[in-house]
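Student: A structural model of the following input is requested.
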Amino acid sequence: MKKDPTNLILFFAGVLIGIATAVAQSNHVFDGRLWIAYCLYGAALVLIFWAVVHYFARDSQEASPTAPSASPRQYQSNEQRVEANPHIYISHELLRQPPPVPPVPPQTRKESNQPNIQVGGPRVARLRFIHHISSGLLSFTEDQEGKQRGLLLCFRNESIWQKTINSARNARAQLQYFIDDQEIGIGFRSGWLESPFDLTDLIAGGDSKCVVLIIEADGKFSIASKIRETSGHGDRINDKFTDLDQLPNVIVVRLLDGDDQLLIPPVYLRLTGDGTLTSYGIVQG
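Tutor: Just a heads-up that it's a prediction; the model follows:
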C-alpha cells in the first residue's frame, strides 16, 4: 500500500513559510533582500496547491465503485477457458448440444373426404375432330361415323353412401409411352374428350372424363397432346401431334390434381396383338 505524500508536502510548505517570515522580519541581516522571502512564499504556495489537488484526486478515486470480482468457483462453473488464447472463453450455454430436429413426415394425401376416382376402360371408339374457333384448339368427340379411332381411358369420381366425397379440380393426365422398354419423347400432357383444354374437373357423382391415348387414322398412329406455356400474360395452350411408327407396348397414365398430387396410383396398360387398334389386348397393372 502506497503512503500518502500530502502531509509531507504540507510540512515542507510550512517550513518554507517559516523561513520566509524570518527573512522578512530580519531585513537588516539580509541587507534589504526581500525577494528571498517572496521566493520562499511562492514555493510554499505551489506546494500547498499541489497538496490540495492531490487530496481531491485521491478522494474521487476512493469514492468510485469497483465491480465485484467473481469467485474462482463460480467462474469455473459458468465458463470454460480456451488454453490457446486466455482472452477467449466459451460459455457452457454454447457447449450444450442443440435438441434433435424431428424428421419431416412424407407428404401423404389425407384420407378424409378425398375424391373416389374409379378407372373405366380402356376402350376403342370412333372419333371426330372438332375445331374450336374461340380458342383455336382441337378436341375429339365420339361419333359412330368418325374417320378416326381412338384408345380411351376414362375416370369417374363416384359417390359413396353416407360419406362426403370431394371433387377433384383442375385434374390433368400425364402420359408415358414405351416401345420395347424405350420411352418415346419426354412425357405428354393429354387432352380430354369433348374438351379443347388439358385440365378438367372430376365432380363427385358426375360424368366420366376420358383421355385420348392413341389416335389411329388410315392405319397410322399418333399421339394427340397439349402443350401449356406460361408467360407474363398468362398460360397459353397449343395442340401437338406426334406420329408413331408402331403401336406402343406400354402406356403409363398418371392422374394428378391441381396441387400436383396423384389422385390414384399410376395405371399401366400393356398392349398386345397384331399392331392395330381393331385387334389388341390390354393388361392393366
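
Student: I'd say Arg172 and Phe188 touch.
Tutor: No - contact criterion Cβ atoms under 8 Å: Arg172 and Phe188 do not qualify, at 11.0 Å. Any C-beta I mention is one placed from the backbone N, CA and C, and that applies to glycine too.

Student: got the contact list for stretch 121-140?
Tutor: The contact list for stretch 121-140, computed with Cβ atoms under 8 Å, 6 or more residues apart in numbering, reads 141-154, 191-197, 210, 212-213, 215, 224, 237-239, 269, 277-278, 280, 282, 284.

Student: So among the residues you listed, which ones count as buried?
Tutor: With burial judged by 16 or more other Cβ atoms under 10 Å, the buried subset of those is 146, 148-154, 191-193, 195-197, 210, 212-213, 215, 224, 237, 269, 277, 280, 282.

Student: Out of the contacts of stretch 121-140, name the ones that lie in helices.
Tutor: Among the contacts of stretch 121-140, the subset assigned to helices under DSSP state H is empty.

Student: Correct me if wrong: Leu263 contacts Lys209.
Tutor: No - Leu263 lies out of contact with Lys209 (Cβ under 8 Å); the separation is 11.7 Å.

Student: Any idea how many residues pack against Leu202?
Tutor: Residues near Leu202, counting by other Cβ atoms under 10 Å, number 24.

Student: wait, Gly120
Tutor: 13.

Student: next one: Arg156
Tutor: Applying other Cβ under 10 Å, I find that Arg156 has 19 neighbouring residues.

Student: residues in contact with it?
Tutor: Counted by Cβ under 8 Å, 6+ apart, Arg156 has contacts 117-118, 120, 202, 206-209.

Student: pretty sure Tyr38 is in a strand, no?
Tutor: No - counting by DSSP: H, G, I helix; E, B strand; the rest coil, Tyr38 falls outside a strand, being helix.

Student: so what pLDDT did it get?
Tutor: Tyr38 is assigned 70 on the pLDDT scale.

Student: so how far is Ile48 from it?
Tutor: In this view, Tyr38 and Ile48 are 16 Å apart by Cβ to Cβ, to the nearest Å.

Student: Tell me which of these two has more neighbours.
Tutor: Ile48 (17 against 13).

Student: Need the three-state assignment for that one.
Tutor: Assigned by three-state DSSP, the conformation of Ile48 is helix.

Student: was I right about it contacting Phe11?
Tutor: No - Ile48 lies out of contact with Phe11 (Cβ under 8 Å); the separation is 11.1 Å.

Student: what about Ile17, which SS state?
Tutor: In three-state terms, and counting by three-state DSSP, Ile17 is helix.

Student: Over to Pro100?
Tutor: The three-state assignment at Pro100 reads coil, by three-state DSSP.

Student: Count the neighbours of it for me.
Tutor: If we define neighbours as other Cβ under 10 Å, then Pro100 has 6 of them.

Student: Leu16 too?
Tutor: Counted with other Cβ under 10 Å, Leu16 comes out at 20.

Student: Name the nearest residue to it, ignoring sequence neighbours.
Tutor: In this structure, Leu16 finds its nearest non-sequential neighbour in Ala44, 4.0 Å apart by Cβ to Cβ, 6 or more residues apart in numbering.

Student: From Asp218, how far out is Ser159?
Tutor: 42 Å.

Student: In this structure Ala173 contacts Val253, no?
Tutor: Yes - using Cβ under 8 Å, Ala173 is in contact with Val253, at 5.9 Å.
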